[in-house]
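Student: The following comprises the amino acid sequence and a computationally predicted model.
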2 protein chains.
Amino acid sequence: MADKFMSMKNLNFTLHSRGGKYRSLTPDYLNEHTPKTIDMVFKAAFDLGKKVLHPMFEEMDRNPPQLTDGRVRVHEGVRPMLETLGEDGWIAALFPERWEGESMPSSLLLCINFIFATANYSASVYAGLTMGAAKLILSFGSQRLQNTYLPPMLAGKWQGTMALTEPEAGTSLGDLVTEAIPLEQGKSENRELEAGQYKIIGEKIFISAGDHDGVDNVIHLMLARIKGAPAGVKGISLFVVPKFRPDDKGNLVDNDVIVTQVFHKLGYRGAPIVGLRLGEKENCIGYLVGEEHRGLSYMFQMMNNARLEVGMGATSIATAAYHSALAYCQARCQGRKITAPKASMPIPIIGHADVKRMLLFQRAVAEGALSLILQCGMYEDILAKDPSQKECHLLLELLTPVAKTYPSEMGILATSTAIQCFGGYGYCDDFPVEQHFRDMRIHTIHEGTTGIQGMDLLGRKLTMENGRALGLLKQEMDAAIASAQQHQELNEMALDLSQAMAMLETTTMNLGAVAMEKGPDAYLADASLFLEMFGIMVIGWQWLTMADAAMVALEKQGSKKKDALFYKGKVHVACYFFSYELPKMAGLAKTLENSGQMTLAVPEDCFTD
Amino acid sequence: MADKFMSMKNLNFTLHSRGGKYRSLTPDYLNEHTPKTIDMVFKAAFDLGKKVLHPMFEEMDRNPPQLTDGRVRVHEGVRPMLETLGEDGWIAALFPERWEGESMPSSLLLCINFIFATANYSASVYAGLTMGAAKLILSFGSQRLQNTYLPPMLAGKWQGTMALTEPEAGTSLGDLVTEAIPLEQGKSENRELEAGQYKIIGEKIFISAGDHDGVDNVIHLMLARIKGAPAGVKGISLFVVPKFRPDDKGNLVDNDVIVTQVFHKLGYRGAPIVGLRLGEKENCIGYLVGEEHRGLSYMFQMMNNARLEVGMGATSIATAAYHSALAYCQARCQGRKITAPKASMPIPIIGHADVKRMLLFQRAVAEGALSLILQCGMYEDILAKDPSQKECHLLLELLTPVAKTYPSEMGILATSTAIQCFGGYGYCDDFPVEQHFRDMRIHTIHEGTTGIQGMDLLGRKLTMENGRALGLLKQEMDAAIASAQQHQELNEMALDLSQAMAMLETTTMNLGAVAMEKGPDAYLADASLFLEMFGIMVIGWQWLTMADAAMVALEKQGSKKKDALFYKGKVHVACYFFSYELPKMAGLAKTLENSGQMTLAVPEDCFTD
């Protein structure tokens, strides 16, 4: 197992190198947190990651969850980990003081999750899921639901989940059929205090951490359709459905939630993904969260954050894989430079240009993605501090599909490249990269597939408020370009980014014409490719921003030699990105312009022989 | 498990749609084989694949080889499979009549291996390795070695291996240290009949099928250095090193070959990859094959074929994954077209443009790769029939790095896309695609990594005989373009391919200038990218050739409706390739032109923080 799974120096650098107009308008977006206090928090998280999560990275994979006697058995380290995360306040961190939290800014929470996920991705998701579920209860649940569920959840004693998917309703949530039948309410009915109670009948699949013996209870934030509700997405409501429900006396009683299966997965094996059957004995009660029929809109208010977290998960895995590969390439001797004498000693393989290229690629992906997600975190935090800055909301909406997809799609290639650095050893489980490669593969699928993200970007985000978001992004990018141009070394990259932006604008306009002429099916036919092209540009912007920050740091007098190497390295990776990754936009632009949406026209029966 | 793992119609179509000058010069390159007899052979192979190999596809993966009491235990189906493959003559097929073979053309053998590998890749490699080892003995071994080893190997009773890699010598074979010390020879020494005997001492790793209980003996074709031999690649000799050696009386005695480990692999788990220690008790005897110090050159005479086989393995896996994905996309209903009424029924997901794009991509890769490998097989067969056609040898040399790498690299993306078609189910082992994705990942590594293939293409193949091979390829491509231009529907693709060829020539010339100005390290710094660019062009050529053949078939009167759909489908996939894949060359060309070989200049210590 690799000793090093992340770079604290890089994390701090990335967090503090944010740029753009909104950063300058709200420089204190991290509230009272200073670089020093942030460093302390990060170090505490790292300590936990290293001592608690990382040591079970392989074990959790090799001993995946098992369904035994109706209960899901997970690694014995999960319970003490969740207790520690609860006791030390990590799960409650983003919550207000009332819940013993500290209203931690999103940016910092994302960094903390990054640290945990680089240490052990599977282990990190348990608490993350509980946080997300608890946040839904806090935002939309009744006082009573909050009082009942938040304390044990934030203490790490109860697990939270998001229970959306059904066998016939994955991507198409509007088709879900789990039913909620109103129960007669108790006498003390008070909408403010008490949630409506419903009998739940249905089936859910692919529920992450949907059951396990590392906690005393599992609380599902579940979508279901109230009997008689309208069809489609507008008839979906949100419920709290616990595994054990508190009865009148406060005792926990069985709530008729049965685990039907544990899915056997390619990776991400340390966390159970389960199927559930609800109300088999007609004794499953769900508690309505917020108002009827508004369930999906509640879920979607959490969706941006959930998607950033997926992007961060992918980024974390790519980061850990890169550090393994780097350590190997520095230590492993094999071959010589082409021009070296044949009798010379083999050199560490990092000395070979192609190996260096593979390392630069992994950094370009992992560090570029980290930067983008923290940019999104910044927009979230500025908005939380000053809700009048609605433009940050638009930027966040626009960038979220990229922040989810770029790390997930490119992370597959980055972890694959990590394997390649190891040669045959990379294909074996002596080293962690094959596990990273397997763990990575989920991220283009959950929380909305890449295809869905493409349609979200092109169909919804680009068209919001008459396309205003893209204009705002252009402003942010122009600011980055202007700032970078102050360093001669970055002039060429700045120019490349301007041209990339112009290219994207042309493509966008052409697609607009397609929409007018041929309608939405044609407009969205190649949405995945547009997302890919857009993503490369956006990550280019992030690399220019980081190169700029690195140049500023380099130009400061008196930086240590080791720091100078780090900053120079940053500029080299930026240069790699602009030389090797940004040019890929041209091919995508050409396809988007010339494909004629041929995929629409190919008849389905042409695939059969 | 998917029922369908390949299309016989597509295999036959691809085999028979070869084009170009050399095909027209030697139309009977498949010897006496007619489409009808070929079909019979393929059907027999398919029958075996379906009945014997495919049923154990999952089981072999779930129960990987175990090292117990010094012996590697494999799936109980391996022994009867090898016996059947031996008895029915499949292992001996390519050998001359003297060895009960039928001198089968390479093209057909490649097709048969394709059929077996689509059924079960891991299962297919056992016999393939034995064939390769046996071919080495036949080509370079003494009469006595042939008489001793070929009959049980070709009968499937003894396993053959290629034993090259050592812990400190993988990519860099010249550094291998396994030692061969000459033994005093017996009295009847006769170089023609008898091989020199050597005491072997050393260690080998990553030996495929290096030991297992599905056979009675394992015969390693092993590289070692005779004591006192020159350093580097010119001091390497080839030996037969059996697990059990025949003593004077013909009894098999232990030959001191110890299995040190079975590697636990990401995929390809049905076949054991082992580590070996040789001569621990100083009782391991190796028999020299051919002359001293010529071992690596013997191996390399087999290398083209071994690399084609790796490409074919990758192609096969991508093919099987595609057929699974297609069946799922045709059956799974989810979502509606964007313009459909909300209340309409969900449609099979193949109806969504993005899903169709993913299926087209998989076909573009798998069928394009198959076509290229059969093109290479054709050049081999023409050369075997008429050794004066040396140009076919140059073409084969030039195309082999692509035929190995394109399927291997793109196959990772193709199987990943197959997973994506399944959504969450693709990540679970209920369906075979996650296994295909794992099985695939080895191919960019073994038989020369992608980095090595890139340097081989740019450094050796492009410069052979003053760059003559590229000129020959251009002729073949020009012939394909001229033929395709007879169909108006293909005019645009033909033009695109001309332009792609011109672009590649420009890139090649620019790189030539780099070589002159900056030397070989700079010339080869981006060799992997050049290989990628070259590969896209070459596969474009193959798709134009196939589209041409499909148009010819369509224009023939009286083709059945189902056949017409198949041919139209072919043209659609070609169109997909030219719209979505070929444009990627532009970005690669730009990088190759502008990178300034920056990876050479990035200091190694910039990676540390």
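Tutor: Right, received. Where do you want to start?
Student: residue ranges for the strands of chain A, please.
Tutor: A:66-68, A:71-73, A:158-163, A:179-182, A:197-208, A:217-226, A:236-242, A:244-246, A:252-254, A:257-262, A:273-278, A:285-289 (DSSP state E).
Student: and of the ones you listed, who's closest to chain B?
Tutor: The closest of the strands of chain A to chain B is strand A:197-208. By Cβ to the nearest Cβ, the value is 4.7 Å. Every residue, glycine included, has its C-beta placed from N, CA and C.
Student: tilt between the closest one and strand A:257-262?
Tutor: 20 degrees (axes from the mean of the first three to the mean of the last three Cα atoms, to 10 degrees).
Student: So what's the gap between strand A:197-208 and the chain middle?
Tutor: Relative to the chain's own centre, strand A:197-208 is displaced by 25 Å; criterion: Cα atoms, centre = their mean, to the nearest Å.
Student: tell me what that strand is packed against?
Tutor: With contacts defined as 3 or more Cβ pairs under 8 Å, 6 or more residues apart in numbering or on different chains; DSSP states H and E, strand A:197-208 has these neighbours: strand A:158-163, strand A:179-182, strand A:217-226, strand A:236-242, strand A:273-278, strand A:285-289.
Student: Quick check: residues of the stretch 351-500 of chain A near chain B?
Tutor: Counting by Cβ under 8 Å from any Cβ of the partner chain, the positions of the stretch 351-500 of chain A adjacent to chain B are A:351-357, A:359-360, A:363, A:412, A:416, A:419-420, A:423-424, A:426-430, A:434, A:437-438, A:441-442, A:444-446, A:449-451, A:454-455, A:459.
Student: From the residues you listed, keep the buried residues only.
Tutor: Neighbour-count burial within those applies to A:351-357, A:359-360, A:363, A:412, A:416, A:419-420, A:423-424, A:426-429, A:434, A:437-438, A:441-442, A:444-446, A:449-451, A:454-455, A:459; the criterion is 16 or more other Cβ atoms under 10 Å in any protein chain shown.
Student: quick check: longest helix of chain A.
Tutor: When chain A is parsed with DSSP state H, its longest helix is helix A:295-331.
Student: What are the buried residues along that helix?
Tutor: In helix A:295-331, counting by 16+ other Cβ under 10 Å, buried: A:295-299, A:302-326, A:328-330.
Student: Over to stretch A:472-486?
Tutor: A:472-473, A:476-481, A:483-485.
Student: Would you reformat those as a markdown table and include pLDDT?
Tutor: Converted to a markdown table, those look like this (pLDDT from 0 to 100):
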| residue | pLDDT |
| --- | --- |
| A:472 | 98 |
| A:473 | 98 |
| A:476 | 98 |
| A:477 | 98 |
| A:478 | 98 |
| A:479 | 97 |
| A:480 | 98 |
| A:481 | 98 |
| A:483 | 97 |
| A:484 | 98 |
| A:485 | 97 |
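Student: nearest to residue B:174, of those residues?
Tutor: Residue B:174 lies nearest to residue A:484 out of the buried residues of stretch A:472-486, by Cβ to Cβ, at 45.9 Å.
Student: The closest one contacts residue A:547, correct?
Tutor: Yes - contact criterion Cβ atoms under 8 Å: residue A:484 and residue A:547 qualify, at 6.7 Å.
Student: who touches both of the two?
Tutor: Counting by Cβ atoms under 8 Å, 6 or more residues apart in numbering or on different chains, the common neighbours of residue A:484 and residue A:547 are A:490, A:493.
Student: Just the terminal-to-terminal distance for stretch A:232-240.
Tutor: Stretch A:232-240 has an end-to-end distance of 21 Å (Cα to Cα, to the nearest Å).
Student: Quick one: distance of it to the chain centre.
Tutor: Distance of stretch A:232-240 from the chain centroid (Cα atoms, centre = their mean) equals 24 Å.
Student: does any part of it sit near chain B?
Tutor: Yes - judged by Cβ under 8 Å from any Cβ, stretch A:232-240 and chain B are in contact via residue A:232.
Student: And that stretch, what's buried?
Tutor: Within stretch A:232-240, the residues scored as buried using 16+ other Cβ under 10 Å are A:233, A:235-240.
Student: got a list of contacts for it?
Tutor: Against stretch A:232-240 from outside (Cβ under 8 Å, 6+ apart): A:136-137, A:140-141, A:145, A:149, A:173-174, A:176, A:180, A:195, A:198, A:200, A:219-226, A:229, A:286-296, A:298-299, B:342-343.
Student: Quick one: residues contacting the closest residue to residue A:60 other than its chain neighbours.
Tutor: Ranked by Cβ to Cβ, 6 or more residues apart in numbering or on different chains and with sequence neighbours excluded, the top spatial neighbour of residue A:60 is residue A:270, at 3.0 Å. Residue A:270 makes contact with A:56-57, A:60-61, A:64, A:74-75, A:120-123 under the criterion Cβ under 8 Å, 6+ apart.
Student: Same question for residue A:339.
Tutor: Per Cβ under 8 Å, 6+ apart, neighbours of residue A:339: B:519-521.
Student: And residue A:389, by the same measure?
Tutor: The neighbourhood of residue A:389, defined by Cβ under 8 Å, 6+ apart, consists of A:22, A:25-26, A:382-383.
Student: 7 Å instead, please
Tutor: Applying Cβ atoms under 7 Å, 6 or more residues apart in numbering or on different chains to residue A:389 gives the contacts A:22, A:382-383.
Student: ok, so what distance separates the nearest residue to residue A:503 once chain neighbours are set aside from residue A:168?
Tutor: Once flanking residues are discounted, residue A:503 sits nearest to residue A:589: 5.4 Å by Cβ to Cβ, 6+ apart. Distance from residue A:589 to residue A:168, counting by Cβ to Cβ, to the nearest Å: 38 Å.
Student: Counting neighbours, go ahead and name the busier of the two.
Tutor: Between residue A:589 and residue A:168, residue A:589 has the larger neighbour count (other Cβ atoms under 10 Å in any protein chain shown), namely 22 against 15.
Student: before we move on, back to that, which phi and psi does the residue nearest to residue A:60 have?
Tutor: Backbone torsions for residue A:270, taken as degrees, to the nearest 10, come to phi -70, psi -20.
Student: so what's it scoring on pLDDT?
Tutor: pLDDT, residue A:270: 98.
Student: Equivalent analysis for residue A:223, please.
Tutor: According to the model, residue A:223 scores 97 on pLDDT.
Student: Residue A:565 reaches residue B:602, doesn't it?
Tutor: No - using Cβ atoms under 7 Å, residue A:565 is not in contact with residue B:602, being 11.2 Å away.
Student: of these two, who's got more company?
Tutor: Neighbour comparison, residue A:565 and residue B:602: the larger count goes to residue B:602, with 22 against 17 (by other Cβ under 10 Å).
Student: The residue nearest to the more buried one when sequence neighbours are not counted: neighbour count?
Tutor: Nearest non-adjacent residue to residue B:602, counting by Cβ to Cβ, 6+ apart: residue A:572, 4.7 Å away. Residue A:572: 22 surrounding residues under other Cβ under 10 Å.
Student: Would you confirm that residue A:572 contacts residue B:601?
Tutor: No - in terms of Cβ under 7 Å, residue A:572 does not count as a neighbour of residue B:601; the distance is 8.3 Å.
Student: Point out where the stretch 101-250 of chain A drops to low pLDDT.
Tutor: Where the stretch 101-250 of chain A drops to pLDDT under 70, the residues are A:185-195.
Student: Which positions in it make contact with chain B?
Tutor: A:170-172, A:175, A:206, A:231-232 (Cβ under 7 Å from any Cβ of the partner chain).
Student: Kindly recompute the last result at 10 Å.
Tutor: A:165, A:167-172, A:174-175, A:205-206, A:231-234 (Cβ under 10 Å from any Cβ of the partner chain).
Student: Buried by neighbour count, from these: which ones?
Tutor: Judged by 16+ other Cβ under 10 Å, buried ones among those: A:165, A:169-172, A:174-175, A:205-206, A:233.
Student: Turn these into JSON lines, columns for distance to residue B:37.
Tutor: Listed next are those as JSON lines, based on distance: Cβ to Cβ, whole Å:
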{"residue": "A:165", "distance to residue B:37": "52"}
{"residue": "A:169", "distance to residue B:37": "52"}
{"residue": "A:170", "distance to residue B:37": "48"}
{"residue": "A:171", "distance to residue B:37": "48"}
{"residue": "A:172", "distance to residue B:37": "50"}
{"residue": "A:174", "distance to residue B:37": "56"}
{"residue": "A:175", "distance to residue B:37": "52"}
{"residue": "A:205", "distance to residue B:37": "50"}
{"residue": "A:206", "distance to residue B:37": "50"}
{"residue": "A:233", "distance to residue B:37": "59"}
